[in-house]
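Novice: Structure for this input, please:
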Amino acid sequence: MHRIILLFSLVGFFCIVYVNGRAYNHEEFDLTMQHQTQINRNDKMVKEDPEIIIVEIPDKIKNDTKHRINCLPDIDEYKSFCMFDVSINRTLNITNESCLARGCTWDSNVSTCFIPLEKGGYDLMGESNQISNAITQYKLIRLSTNSSMTKIQSKDTSNDFSLFNNDIDNLDVQISVSGTDMIRMTIRDTNAQRYEVPVPIQWNPSISSSSKIKFQLTKTLNNQVGFRIQRTNTQSILFDTSFFANSFIYDDKFIQIITTIPSRNIYGFGENTHRSFRHTLKESYRYGMFSRDQWPSGVNENLYGAHPFYMVVEPDGQAFGIFIFNSNAQDYKFDEFDDDQAMLTYRTIGGILDIIFFAGPNPENVIQQYQSVIGKPYMPPYWALGFQLSRYGYNTLNNMKAAMTRTLDANIPLDVMYGDIDYFYKRLDFTWHPIDFDGLPEYIDWLHDNGMKFITILDPAIDSQEKNYSTYTEGEKANIWIKWPIHRNLQFNETNNRNMLGHVWPDGKAVFPDFFYPPAIEWWKSQIVNYHSKLKFDGLWIDMNEPANFDTNKDKPWNWNGEELWNLHCPIDDEPFENPPYKTAICGDYISDKTLCMIGEQTDGQGHIYNHYDVHSLYGWSETVASLVAGRMTENKRSVVISRSTFPSSGVFGGHWLGDNTADWTHLKFNIIGMLEFNLFGIPYIGADICGYFQNTTEQMCQRWMQLGAFNPFFRNHNGFGYIDQDPGIFSTNVATSNRHAVELRYTLIPYLYTLFHRVHVSGGTVVRSMVHIFPLDSECWSLDEQFLWGSSLLIAPVIYENHINKSLYLPTTERWFDYYTGEEQTILGHLTVSAPLDFIPLYLRGGYIIPHQQSAMNTVASRKKPLFLIVALDKNQYASGDLFWDDGESIDTYEQTIYNYFIFNYQSQRLTIEPWTYKYQQMGNDIKFEDIKIFGLNKQPTKILWNGQELISTSQWTFNITMNVLHMTKLSLNVAKTHKFLIS
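Specialist: Residues are numbered from 1 along each chain as shown. Purely as a prediction, here's the structure:
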């Protein structure tokens with residue numbers, strides 16, 4: 001206790017000196033003295049508060065240079081930032097003078113500048129405030145002083161420390177508990193309102209006597225406050241800033257927090273191209289998060305969306321998640337820390353610090369808890385799980401039809417055709433080319449008549465110069481575009497209004513709808529509904545919605561055809577939003593690179609004005625919300641929206657594709673990692689451009705990618721302008737046949753996939769899962785990312801390397817595993833290598849599960865009328881279970897309105913039961929029946945099978961493969977509306 005009293009007397013001294021240094025008038029000085037009195041008054045309370053833990057900094061942090069906290073992140077770290085589109089000289093030298101000017105320590109031996117342990121951070125001020133039984137608030141006061149002010153006033157500079165001299169002195173820390181599993185820590189400026197993310201989330205403070213995690217406040221011996229989240233069962237510390245409390249910075253445009261992590265198994269954060277699903281910690285990249293028109297290359301570029309969520313699997317198999325609810329430009333870096341531990345350095349340049357912790361304890365629990373906050377995933381229509389075909393560069397309707405015809409002639413199932421911007425007239429939204437795509441409406445009608453669908457692309461950039469373009473004129477009447485601020489409009493002399501002009505795909509200068517603004521949403525709905533009256537599209541593909549703008553701040557856009565030089569130029573020299581002191585690790589010279597100016601303004605129409613600086617990464621989210629509403633107004637059906645730019649909760653309204661990838665073998669692995677990450681992010685309707693967007697694919701690559709693509713929830717073959725055709729029927733007979741088999745395999749499994757989507761729509765969770773997600777206790781699974789599962793039962797092991805005809809994979813030894821195709825049990829488990837010729841993808845069923853299937857057909861309209869069949873894979877206890885969700889596949893909210901069927905399958909004690917638990921969609925019984933059942937892994941040969949008390953005829957109705965131990969019951973024609981019981985003896 002004596003040590004604590006001494007520390008607080010020291011803190012009191014610093015507070016007085018610090019305040020005197022900033023007291024410009026009598027009132028401010030009196031206020032500071034009141035604060036000091038409050039600290040002294042509550043000194044006894046703080047000393048005796050058992051919730052405050054004194055932490056001594058370990059020697060390794062004091063002595064190991066790798067744990068020093070960089071004091072010049074805006075200079076020294078440029079070597080680790082994304083270098084794409086960087087043209088100006090960023091090679092700046094760090095010096096002793098620049099270091100000392102910030103109040104930091106210079107090490108001449110290694111030429112580094114770091115924050116000394118005794119400086120920085122915040123102290124607790126006064127006692128905690130119990131707002132409710134679930135909400136506690138603390139007040140913090142900054143310990144160090146800003147060097148610029150003490151020098152001006154000729155004060156003692158021994159406690160000077162500031163990176164950018166805009167530190168916020170007083171903070172409110174609010175700790176909110178929600179049930180047993182979640183804690184939220186929100187840190188705000190005490191004295192000023194700062195921007196907070198306007199995306200609606202669900203948070204319900206409530207206390208529980210059996211909480212799985214708890215919050216603790218810590219202090220260093222220098223009185224710097226730290227924040228800790230700890231498990232209540234194992235006492236594992238999940239989040240802890242204590243050792244780096246000196247690095248906690250809350251500047252106006254630079255917020256930094258560093259935490260230790262109790263494991264090296266870290267997954268998530270994005271959207272970036274990670275070369276492995278589990279984060280690399282040694283010599284790791286610093287990644288930026290800020291929506292950008294940027295194709296994936298495999299370095300540390302920031303891509304189309306922003307998802308500040310990560311999950312950790314601890315050494316004991318428990319998992320937890322952390323969501324940082326911030327939409328400003330951010331960056332992060334994971335590093336090694338102690339044995340089996342890691343650390344995270346997180347920075348953002350705006351908003352507040354709002355962190356939600358999810359206790360798990362298993363990975364699926366973590367994602368379900370996360371989705372209880374951001375919203376559960378959207379339920380796609382059944383047809384959206386079929387195969388989809390697209391390209392940028394059909395150029396004519398005849399070429400579009402030819403690709404479709406090649407696919408159908410090869411007997412490859414097909415559900416959706418796409419129109420990219422080349423079908424538009426002059427690349428204008430809501431048009432089609434009257435010559436090159438003459439007859440497009442009739443073609444789409446033909447698609448519908450033959451069981452197929454059409455999805456149109458839409459870009460947000462609207463041409464403001466095209467004559468008689470009603471899309472623009474109606475939007476201008478409603479005044480819906482993103483604006484320049486009144487005080488700074490660099491284009492006013494050109495426009496005589498506040499519209500911010502840029503340039504993307506249309507010929508003319510473009511304006512950008514503000515999808516926060518209700519009249520813009522109404523305009524968008526009107527445009528979509530009116531367009532649908534002419535062209536009967538079925539879904540929306542929204543592209544370029546980061547939002548993209550070509551070559552901002554350069555002389556001209558790369559595709560500019562005007563006679564004079566023109567471009568969108570932002571006031572980068574004198575506007576803090578355009579050139580903040582710390583840009584983050586994002587690509588480009590300036591934060592506005594390839595997008596709109598950060599001083600641009602958006603509004604919700606209810607009095608809130610947002611700078612684009614704050615809401616940039618929300619643009620795709622806001623367009624997705626508006627687009628789903630509009631799409632559903634066309635035919636009052638479920639529709640589908642696939643968006644390039646996403647943010648947490650985008651998955652509630654649509655899906656995402658992984659962007660403009662490359663026909664390169666490395667991108668097959670990126671495909672898997674991207675699928676796994678976006679399932680963590682709450683967007684399970686996810687897929688890559690199969691066979692690659694950029695560059696020419698090869699037959700073998702496309703063949704292997706079609707096999708992998710068959711297990712992308714969003715299954716679309718798409719490529720770019722000027723490259724060879726890569727539709728699956730264009731290749732040699734052998735490859736086309738292989739592609740057909742892959743797609744047919746997909747179609748037989750759609751009932752299972754659709755059921756997985758139903759589960760996550762209702763309960764939250766993932767559709768595509770990593771091995772660690774299902775087997776977190778198995779350390780062999782922690783790093784696996786070249787195999788994955790649908791749900792918990794179907795293991796997919798695609799070949800993703802050129803010329804490989806074998807596949808190395810891992811089957812956990814705790815389970816029974818069966819060859820999906822033959823039903824033969826795998827007797828060799830653990831790490832193994834299996835044969836995988838070019839026309840084959842290895843698949844395995846995990847014992848304990850029953851998976852519904854359906855015979856394939858040329859599209860889902862036809863396949864939904866084909867017979868169903870079950871595959872039962874028994875576990876070690878001769879048990880298995882499964883389910884099936886079925887509705888009309890396209891109506892809105894069928895589950896919520898109870899217009900669906902839900903079947904429970906169960907095998908136990910030699911009895912198989914098929915039960916329609918809910919049966920409210922009567923049409924199903926008119927269309928289909930359960931025809932076949934296969935049971936893998938029976939422990940003895942059956943002698944008699946009874947179905948509802950009636951004996952089935954051996955050989956004609958059932959057979960048993962004694963070598964494989966597979967029972968096959970066939971020609972059953974079971975009424976799906978009835979309960980069916982089989983006794984196998």
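
Novice: so how far is Phe161 from Leu100?
Specialist: Here Leu100 is placed at a distance of 11 Å from Phe161 (Cβ to Cβ, to the nearest Å). The C-beta positions use only the backbone N, C-alpha and C, and glycine is treated the same way.

Novice: Next: Arg769.
Specialist: Distance, Arg769 to Phe161, using Cβ to Cβ: 46 Å.

Novice: neighbour count winner among the two?
Specialist: Arg769 (27 against 24; other Cβ atoms under 10 Å).

Novice: Tell me which helix or strand the residue nearest to the more buried one when sequence neighbours are not counted sits in.
Specialist: Nearest residue to Arg769, sequence neighbours excluded (Cβ to Cβ, 6 or more residues apart in numbering): Leu789, at 4.7 Å. Using DSSP states H and E, Leu789 sits within strand 788-790.

Novice: What helices and strands are in contact with the next helix or strand after that strand?
Specialist: Counting by DSSP H and E, the next helix or strand C-terminal to strand 788-790 is strand 794-796. When contacts are defined as 3 or more Cβ pairs under 8 Å, 6 or more residues apart in numbering; DSSP states H and E, strand 794-796 sits against strand 788-790, strand 843-846.

Novice: now the ones you listed in TSV, with mean neighbour count, mean pLDDT and distance to Glu127?
Specialist: Listed next are these as TSV, based on neighbours: other Cβ atoms under 10 Å; pLDDT from 0 to 100; distance: least, Cβ to Cβ, whole Å:
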stretch	mean neighbour count	mean pLDDT	distance to Glu127
strand 788-790	22	98	50
strand 843-846	22	98	54
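
Novice: Dump those into CSV; add distance to Ser128 as well.
Specialist: What follows is those, written out as CSV (distance: least, Cβ to Cβ, whole Å):
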stretch, distance to Ser128
strand 788-790, 45
strand 843-846, 49
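
Novice: Of these, which is nearest Asn859?
Specialist: Using Cβ to Cβ as the measure, strand 788-790 is the one of the helices and strands packed on strand 794-796 that comes nearest Asn859, at 21.1 Å.

Novice: Parallel or antiparallel, list what pairs with that closest one.
Specialist: Strands that pair with strand 788-790, judged by DSSP bridges, come out as strand 768-769 (antiparallel), strand 794-796 (antiparallel).

Novice: Can you say which of these is packed in most?
Specialist: Highest mean neighbour count among those (mean count of other Cβ atoms under 10 Å): strand 768-769, with a mean of 26.

Novice: Now the helix or strand that it is followed by: buried residues?
Specialist: Downstream of strand 768-769, the first helix or strand assigned by DSSP H and E is helix 771-774. Residues of helix 771-774 classed as buried by neighbour count (16 or more other Cβ atoms under 10 Å): 771-774.

Novice: go on, stretch 233-244?
Specialist: Quick answer for stretch 233-244 (16+ other Cβ under 10 Å): 236-244.

Novice: Give me the domain ranges for this protein.
Specialist: Here the domain parsing of the chain from the TED database is 122-145+160-359, 459-649, 768-984.

Novice: what packs against whichever helix or strand Phe757 is part of?
Specialist: Per DSSP H and E, Phe757 falls inside helix 733-763. Other helices and strands packing on helix 733-763, by 3+ Cβ pairs under 8 Å, 6+ apart, are helix 699-709, strand 788-790, strand 849-854, helix 860-863, strand 880-886.

Novice: at 7 Å what do you get?
Specialist: Applying 3 or more Cβ pairs under 7 Å, 6 or more residues apart in numbering; DSSP states H and E, one finds that helix 733-763 contacts helix 699-709, strand 788-790, strand 849-854, strand 880-886.

Novice: Mean pLDDT added to the strands paired with strand 788-790, as CSV?
Specialist: Formatted as CSV, these follow (pLDDT from 0 to 100):
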stretch, mean pLDDT
strand 768-769, 98
strand 794-796, 99
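
Novice: now these in JSON lines, with distance to Ala520?
Specialist: Compiled in JSON lines, those are given as follows (distance: least, Cβ to Cβ, whole Å):
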{"stretch": "strand 768-769", "distance to Ala520": "34"}
{"stretch": "strand 794-796", "distance to Ala520": "42"}
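
Novice: I'd like to know which of the ones you listed lies nearest to Arg759.
Specialist: Arg759 sits nearest to strand 768-769 of all the strands paired with strand 788-790, at 12.0 Å, using Cβ to Cβ.

Novice: That closest one: how far from the chain's middle?
Specialist: Distance, stretch centre to chain centre, for strand 768-769: 13 Å (Cα atoms, centre = their mean, to the nearest Å).

Novice: same question, stretch 831-850
Specialist: Centre-to-centre, stretch 831-850 and its host chain are 28 Å apart (Cα atoms, centre = their mean).

Novice: Give the buried residues for it.
Specialist: Going by 16+ other Cβ under 10 Å, stretch 831-850 has these buried residues: 834, 836, 838, 840-850.

Novice: Tell me the span between the first and last residue of that stretch.
Specialist: End-to-end distance of stretch 831-850 (Cα to Cα, to the nearest Å): 25 Å.

Novice: what does stretch 125-139 give?
Specialist: 5 Å.

Novice: What of stretch 54-71?
Specialist: Between where stretch 54-71 begins and where it ends, there is a gap of 25 Å, by Cα to Cα.

Novice: Leaving out chain neighbours, which residue sits closest to Asp551?
Specialist: Nearest residue to Asp551 in three dimensions, chain neighbours excluded: Pro557, at 4.6 Å (Cβ to Cβ, 6+ apart).

Novice: so what's Asp240 bridging to?
Specialist: Those that pair with Asp240 in a beta bridge, by DSSP bridges, are Arg228, Thr260.

Novice: didn't it look like it was pressed against Gln230?
Specialist: No: look at Asp240 against Gln230 with Cβ atoms under 7 Å: they stay out of range, at 8.2 Å.

Novice: quick one, what contacts the spatially most central residue of the chain?
Specialist: Residue closest to the mean C-alpha point of the chain, counted by Cα atoms, centre = their mean, is Phe681 at 3.5 Å. Neighbour list for Phe681: 270, 307, 309, 648, 651 [criterion: Cβ atoms under 7 Å, 6 or more residues apart in numbering].

Novice: Show me these that map onto helices.
Specialist: Applying DSSP state H to the contacts of Phe681, no entry is found in helices.

Novice: ok, the residue nearest to Asp551 - contacts?
Specialist: Pro557 touches 503, 550-551, 567, counting by Cβ under 7 Å, 6+ apart.

Novice: Which one (most neighbours) among those residues?
Specialist: In terms of neighbour count, His503 stands highest of the contacts of Pro557 at 25 neighbours, by other Cβ under 10 Å.

Novice: Correct me if wrong: Trp560 contacts His503.
Specialist: Yes: between Trp560 and His503 there is a contact at 6.3 Å, judged by Cβ under 7 Å.

Novice: now the helices: where do they sit in the stretch 401-550 of the chain?
Specialist: Along the stretch 401-550 of the chain, the stretches classed as helices by DSSP state H, counting those that start in this stretch are 440-449, 470-478, 492-495, 518-532.

Novice: Show me what the second one is in contact with.
Specialist: When contacts are taken as Cβ under 7 Å, 6+ apart, the neighbours of helix 470-478 outside the stretch itself are 429-430, 462-464, 466, 481, 513, 519, 523, 527.

Novice: give me that answer again for 6 Å
Specialist: Around helix 470-478, the neighbours that count as contacts under Cβ atoms under 6 Å, 6 or more residues apart in numbering are 429-430, 462, 464, 519, 523, 527.

Novice: Need the buried residues of stretch 831-850 in a markdown table (columns: distance to Leu967).
Specialist: Output for the buried residues of stretch 831-850, formatted as a markdown table (distance: Cβ to Cβ, whole Å):
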| residue | distance to Leu967 |
| --- | --- |
| Val834 | 24 |
| Ala836 | 27 |
| Leu838 | 32 |
| Phe840 | 25 |
| Ile841 | 25 |
| Pro842 | 23 |
| Leu843 | 20 |
| Tyr844 | 19 |
| Leu845 | 14 |
| Arg846 | 18 |
| Gly847 | 15 |
| Gly848 | 17 |
| Tyr849 | 16 |
| Ile850 | 13 |
